[in-house]
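Q: Give the three-dimensional model of this entry:
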Amino acid sequence: MRKLSDREKKEIRFQTVIEIIMVLILVLAFVPIFLMIVMSFKSTWEVFNNFFGLPQHVEWSNYRGAFDYLSGNMWNTLMMVAVAVVLTLVLSVLGGYAFATRNFPGKNLLFAMIMAVMMIPGVLSLAANYTLIIEYGLLNSRWAVILCWITGGQVLGIILCRNSIEALPQDLFEAARIEGCGEFRLLLSITVPLVKPILSTVAVLKVVDYYNDFIWPMMVIESNAKQVVTVVLKVFTSSQDVSNIGIMFAGYVIATIPLLILFLFTSRLYMEGLTAGAVKG
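A: Take a look at the predicted model:
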């Protein structure tokens with residue numbers, strides 16, 4: 001058996017320390033989630049008297065009460081997020097394709113301005129966006145939320161799509177044009193399939209971003225039936241007292257389920273998009 005050198009021993013010790021730290025971080029990340037799920041099955045008495053223990057009697061009524069209150073807003077939120085994500089992807093791939101393959105006056109300046117938008121905190125544009133929403137008569141409508149999501153969400157998408165399209169072989173586009181392929185067909189038949197990983201990454205990022213938005217929907221939507229689940233969940237939590245702690249945690253779990261399902265089924269596509277964007281050429 002070969003004797004390990006001092007350098008190899010140091011590398012093994014270093015990797016062991018890194019793995020231990022990663023395991024601790026993973027445990028710390030999942031402890032709050034585990035406690036939230038456990039609490040959602042407890043009665044209020046068990047929450048106060050057996051905080052860290054498993055529930056002795058599973059309270060399914062917590063989930064029935066929370067679902068009855070949140071179900072309508074959950075479907076409303078998912079519909080709004082789906083529409084916003086689809087439109088964001090359409091605008092992102094159109095903008096990225098134009099910047100990557102076409103030459104027009106002010107192209108670099110316009111792209112620099114788009115990148116500069118990412119440096120502006122979204123909270124600074126709330127007042128201006130709210131004024132526009134009022135002027136266009138969109139207050140208390142779902143489009144007030146969706147349009148604002150799109151205008152901010154497409155910025156990152158355009159940048160990522162442009163970089164991804166520029167990394168594709170340009171001879172492929174030239175050959176397609178020589179064969180008589182139009183720009184629209186070139187975009188749908190060649191560009192979109194090749195940049196699918198980066199589009200998947202943008203979609204996952206924007207779903208999480210839109211779904212978790214709280215401030216903007218609270219500002220522009222007054223009707224509870226049109227409100228998103230994040231705002232309704234806050235109202236739901238505030239309406240409960242210390243006698244309904246279990247149902248509050250059940251509401252948190254229900255609101256988390258869509259994002260959990262998203263990551264379970266799209267994590268592979270998300271990682272493919274990240275790795276695809278990390279290498280150019």
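Q: Enumerate every residue touching V38.
A: L54, P55 (C-beta atoms under 8 Å, 6 or more residues apart in numbering). Yep, even glycine has a C-beta here, placed from its N, CA and C like the rest.
Q: For stretch 123-132, the averaged confidence score.
A: Stretch 123-132 shows a mean pLDDT of 88.
Q: And that stretch, what's buried?
A: Buried residues in stretch 123-132, defined by neighbour count with 16 or more other C-beta atoms under 10 Å: S125, N129, Y130.
Q: Stretch 26-43 too?
A: V38, M39, S40, F41, K42, S43.
Q: just stretch 259-268 next, same as before
A: Going by 16+ other C-beta under 10 Å, stretch 259-268 has these buried residues: L262, T266.
Q: Find me whatever residue is spatially closest to the residue nearest in space to the middle of the chain, sequence neighbours aside.
A: Per C-alpha atoms, centre = their mean, the C-alpha nearest to the average position across the chain is that of V208, at 2.0 Å. Excluding the flanking residues, the one nearest V208 by C-beta to C-beta, 6 or more residues apart in numbering is L259, at 6.3 Å.
Q: What ranges in the stretch 1-150 of the chain fall below the confidence cut-off?
A: The stretch 1-150 of the chain contains residues with pLDDT under 70 at 1-2, 4.
Q: for the strand or helix carrying Y69, packing partners?
A: Assigned by DSSP states H and E, Y69 belongs to helix 61-101. In terms of contacts (3 or more C-beta pairs under 8 Å, 6 or more residues apart in numbering; DSSP states H and E), helix 61-101 is packed against helix 107-117, helix 142-166, helix 196-211, helix 229-239, helix 245-278.
Q: Now stretch 266-273: average pLDDT?
A: Here the average pLDDT along stretch 266-273 is 68.
Q: Oh, that last question was meant for stretch 194-204, not what I typed.
A: 88.
Q: Check which residues of it are buried.
A: For stretch 194-204, a neighbour-count test (16+ other C-beta under 10 Å) marks L194, V195, P197, I198, L199, S200, T201, V202, A203, V204 as buried.
Q: can I see the domain layout of the chain?
A: Domain assignment of the chain by automatic domain parsing yields the ranges 6-40, 62-278.
Q: Please identify which of those domains is closest to F52.
A: If you check each of the domains of the chain against F52 by C-beta to C-beta, domain 6-40 wins as the nearest, at 7.9 Å.
Q: The closest one: how far from the chain's middle?
A: 25 Å (C-alpha atoms, centre = their mean, to the nearest Å).
Q: can you tell me the helix or strand for R177?
A: Per DSSP H and E, R177 falls inside helix 170-178.
Q: I would like the residues contacting the helix or strand that that helix is followed by, please.
A: Later in the chain than helix 170-178, the nearest helix or strand by DSSP H and E is helix 183-186. Applying C-beta under 8 Å, 6+ apart, the contact partners of helix 183-186 are F173, A176, R177.
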